[in-house]
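**Q** Mind folding the following:
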Amino acid sequence: MSSVSSASDMEEDCILLPLTEIEVVEEEEESTSSDSAEEIPSSVSKQRRVSLASIRRQRKLGTLASLRPASQPISIPAREQRQTPVVSIPVKNWRIAIQKAREFVKNSPNAWQKFGLEKHATEKATRHRYNALRKSWSEDTVLVKMEDEPFDHGAMRECFRLKKLSNFSRSLDWNRASNYVAKRYIEKVERDVYFEDVKLQMDAKLWGEEFNRHDPPKKVDIMQVVMLEFKDRPGSPLYHLEHFIEGKYIKYNSNSGFVEDESLRCTPQAFSHFTFERSSHNLIVVDIQGVGDLWTDPQIHTKEGTDYGDGNLGTKGMALYFHSHACNRICKALNLTPFDLSNTEIASLERAQFIQTSSKTILRGSEEIVIDPRLKNTGDITLFLRQRSESPRNSPRVSESEDVAMSTSVSPPYSPIDFLDDDPFAASLRRLRSDSENSSVTRGRVRYDSEMSDCFDDTMSPEEEAEHEEFARRQVSRPSCVTLEVNFRRMSLIQGQLTGGSVLGEVHLEMAKYHENGRFAPQQGLNMLHQEEVDWDSAIFHLEKAAVCGVLEAIVALARMFLQLPHDVLEGAHVENTEENTNRGVDYMRMAAVAGDRSAMIYLANGYHTGIGLGTEREIDWVEATRWYSQAVSQSGEDEEGCYDATMEDPAYVLMAKEAELYRQGGHGLERDPERAAELYNEAAELAMAAMKGRLASKYFMIAEECWGEMEE
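**A** Just a heads-up that it's a prediction; the model follows:
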């Protein structure tokens, strides 16, 4: 049956058909709807399925032009089947690998099944997670089961077995829950310590990812650690939470220079070296330990020595690491520059070098070399950095011939004296560059794209990838070699700062102090260390390296040592009293005076005044003497390293009186000026009066009157 109705507001008649009486034949589709409650029998699926057609679709097909009996079905053309997308071979391989991994996990026995963690009570815990890139914390709630008693403990923490359900799991099957280790401090500590530990390990993990971007022979990873807070327990205790690692646990190095000889490997030692250079000497990641290349509980030393807990030893920890580090093939592949060591120290590391040389790790030949910090790009480097993280597959490879070419194309070592030609003491400083020139020259750092640079970014979201690129963009590599460090400091020297700002120099200074204290002596015992057991040659070697890097404390110590004066650093070290050493001492003293050291200024002023302690290359010069007297008087603030001489062994009024005496007498290149002498004596008298030196002030006022009288004559 059919019914027809017309409407005046429509251009044509609308025909209404009862849908239950119209059978539309379609071909069966390959995929069925997921919302259907019943499955279609196989016998019916082979036949043509009868379905209902909408009015709109019938109108498109033009079937409403004429009515047809209900018994005659309307034939609708079959829909075009969608072509199955072609799956690439790598995707197929990944799917196969994932399937095998699932089968392995499903069939593998549970390592903790015998401990019966499923019988423990289920607890709710607040999980605190730290994002090292965004420097932010987030928290959520998880379900866990944990043992009541620890199964192991270390020097500071104890460990508990724990199972945690995934927040994405739809079932409460604890047999399939992951195994974790919960750690807490044995002694009670501040709650902030737990947060600092998580921050430390996640920051170290970020440096592990940066290390992997440079395509080392073996990728590394630092375990993700979170913090659990049991708010339902009394006191809301805190625990660190990590995945349980099966395998042999090895400690490769420590935060105090220890290196495991029996299991000495290249990758852990090269990773620590890499973090030092890639962070511009701001930090170094040490205390590498774990199973294989999956590490946990690292330690970070920073240049300030703050943050990251009590294990952060600052530049002292960096010195301890480099004293026991011998660069290996991975350091060379990443083009890390060797740290300067004395001949004695190099000889003591020969065994470590032999063990690492015999390592079976094979380099791929497509290393991603660290950027040369000396190659300054004045243009826009955004595109360059983007290409860095998205390396093409056909990247160039480093060959032996290219290594030779790079090593021969490096410019000669740069000394801070090279651009001090306009300074009056440039000639004296040039003598100090010889040690730096004799050190080994490392080949220039050239960037090569690697084959695997972008393989770890495939699983990142665009936002996370942008954050990692921004992190990499902020890092500026800085060499570990003093020769290149001096070259790197050119900008700061041009801006007028001759000292300070060199972490590498501070590391060398700490190594010199460690030698003095006997830390590196071959035989250390409870007895007092004998002076003959100290390697003074190595100590002076590192002190000179620190001075070349512009460490003011080292410069002053060397100046006083070569001039046979008492010195605080390397107090037991002595050098021969020769003319050459005296001249070197005056050179160092002049460097310290230019850097703002008040005692060095006074030494030079007295030397140019009396001629004592100037060496054979200088003579009495009262013009220079008045200049240094004047600068010493005006030096009431801090030097370039932020230090201030509070002893004031030579008060300003005494120095002003000496300068006034030179102007009163004249000679040795200085023109006689009684008026200037009278002014200086008056100022000296006022300062002496303020210092409660009444007799001395009266003396200065009297001499000033005499100078005024000489001026009238």
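**Q** On the C-terminal side of the host helix or strand of Phe160, identify the next helix or strand.
**A** Phe160 belongs to strand 157-164 when elements are defined using DSSP states H and E. Of the helices and strands lying after strand 157-164 in sequence (DSSP H and E), the nearest is strand 178-185.
**Q** For the stretch 51-200 of the chain, which segments count as strands?
**A** Under the criterion DSSP state E, counting those that start in this stretch, the stretch 51-200 of the chain contains strands at 74-75, 123-131, 136-146, 152-153, 157-164, 178-185.
**Q** can those strands go into JSON lines with extra columns for mean neighbour count, distance to Leu341 and mean pLDDT?
**A** Where you see a C-beta, it was placed from the backbone N, CA and C, and this is true even at glycine. Rendered in JSON lines, the data for the strands of the stretch 51-200 of the chain read as follows (neighbours: other Cβ atoms under 10 Å; distance: least, Cβ to Cβ, whole Å; pLDDT from 0 to 100):
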{"stretch": "strand 74-75", "mean neighbour count": "13", "distance to Leu341": "90", "mean pLDDT": "56"}
{"stretch": "strand 123-131", "mean neighbour count": "17", "distance to Leu341": "37", "mean pLDDT": "95"}
{"stretch": "strand 136-146", "mean neighbour count": "15", "distance to Leu341": "41", "mean pLDDT": "94"}
{"stretch": "strand 152-153", "mean neighbour count": "12", "distance to Leu341": "38", "mean pLDDT": "90"}
{"stretch": "strand 157-164", "mean neighbour count": "20", "distance to Leu341": "35", "mean pLDDT": "94"}
{"stretch": "strand 178-185", "mean neighbour count": "19", "distance to Leu341": "37", "mean pLDDT": "93"}
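**Q** Which one, of these, ends up nearest to Glu467?
**A** Ranking the strands of the stretch 51-200 of the chain by distance to Glu467, with Cβ to Cβ as the measure, places strand 123-131 first at 8.8 Å.
**Q** Direction included, what does the closest one pair against?
**A** Applying DSSP bridges to the sheet, strand 123-131 is found paired with strand 136-146 (antiparallel), strand 226-229 (antiparallel).
**Q** who touches the first one?
**A** In other words, strand 136-146. Residues external to strand 136-146 that are found in contact with it (Cβ atoms under 8 Å, 6 or more residues apart in numbering): 117-118, 120-131, 160-165, 167, 172, 174, 177, 180, 182, 195, 228.
**Q** one step back: dump the strands paired with strand 123-131 into a markdown table; add distance to Arg590 as well.
**A** Formatted as a markdown table, the entries for those read as follows, by distance: least, Cβ to Cβ, whole Å:
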| stretch | distance to Arg590 |
| --- | --- |
| strand 136-146 | 50 |
| strand 226-229 | 55 |
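**Q** Quick check: Gln650 vs Lys658, distance?
**A** Actually, residue 650 is Asp rather than Gln. From Asp650 over to Lys658 the distance is 9 Å, taken as Cβ to Cβ, to the nearest Å.
**Q** Now for this protein, the helix or strand with the poorest mean pLDDT.
**A** When each helix and strand of the chain is scored by mean pLDDT, DSSP states H and E, helix 400-408 comes last, with a mean of 31.
**Q** who's in contact with the helix or strand hosting Leu241?
**A** Here Leu241 sits within strand 238-243, counting by DSSP H and E. The contact list for strand 238-243 (Cβ under 8 Å, 6+ apart) reads 127, 157, 160, 162, 164, 178-184, 191, 194, 197-198, 223-230, 296.
**Q** quick one: low-confidence ranges for the stretch 51-200 of the chain?
**A** 51-83, 105 (pLDDT under 70).
**Q** Let's see that with 80 instead.
**A** 51-87, 102, 104-111, 169-171 (pLDDT under 80).
**Q** can you check the stretch 251-400 of the chain too?
**A** For the stretch 251-400 of the chain, applying pLDDT under 80 flags the ranges 257-264, 350-400.
**Q** ok, so what distance separates the nearest residue in space to Ser178 that is not next to it in sequence from Glu242?
**A** Spatially, and ignoring its direct neighbours in sequence, Ser178 is nearest to Lys164 (6.0 Å; Cβ to Cβ, 6 or more residues apart in numbering). Spatial separation of Lys164 from Glu242 under the definition Cβ to Cβ is 11 Å.
**Q** which residues are common contacts for those two?
**A** Residues touching both Lys164 and Glu242 by Cβ under 8 Å, 6+ apart: Tyr180.
**Q** Tell me how far Asp221 lies from Ile288.
**A** Counting by Cβ to Cβ, the gap between Asp221 and Ile288 amounts to 12 Å.
**Q** where do the contact lists of the two overlap?
**A** In terms of Cβ under 8 Å, 6+ apart, Asp221 and Ile288 are both contacted by the residues Trp295.
**Q** Looking at these two, which has the bigger crowd around it?
**A** Each of Asp221 and Ile288 had its neighbours counted (other Cβ atoms under 10 Å), and the higher figure belongs to Ile288 (28 against 16).
**Q** correct me, but the more buried one touches Ser272?
**A** Yes - when contacts are counted by Cβ atoms under 8 Å, Ile288 is listed as touching Ser272 (6.6 Å).
**Q** shared neighbours, those two?
**A** Common neighbours of Ile288 and Ser272 (criterion: Cβ under 8 Å, 6+ apart): Asn253.
**Q** Going by neighbour count, list what's buried in stretch 662-676.
**A** In terms of neighbour count (16 or more other Cβ atoms under 10 Å), stretch 662-676 has its buried residues at 662-664, 668, 670, 673-674, 676.
**Q** re earlier: can you add distance to Cys331 and give the strands of the stretch 51-200 of the chain back as a markdown table?
**A** Formatted as a markdown table, the entries for the strands of the stretch 51-200 of the chain read as follows, by distance: least, Cβ to Cβ, whole Å:
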| stretch | distance to Cys331 |
| --- | --- |
| strand 74-75 | 76 |
| strand 123-131 | 30 |
| strand 136-146 | 34 |
| strand 152-153 | 34 |
| strand 157-164 | 32 |
| strand 178-185 | 32 |
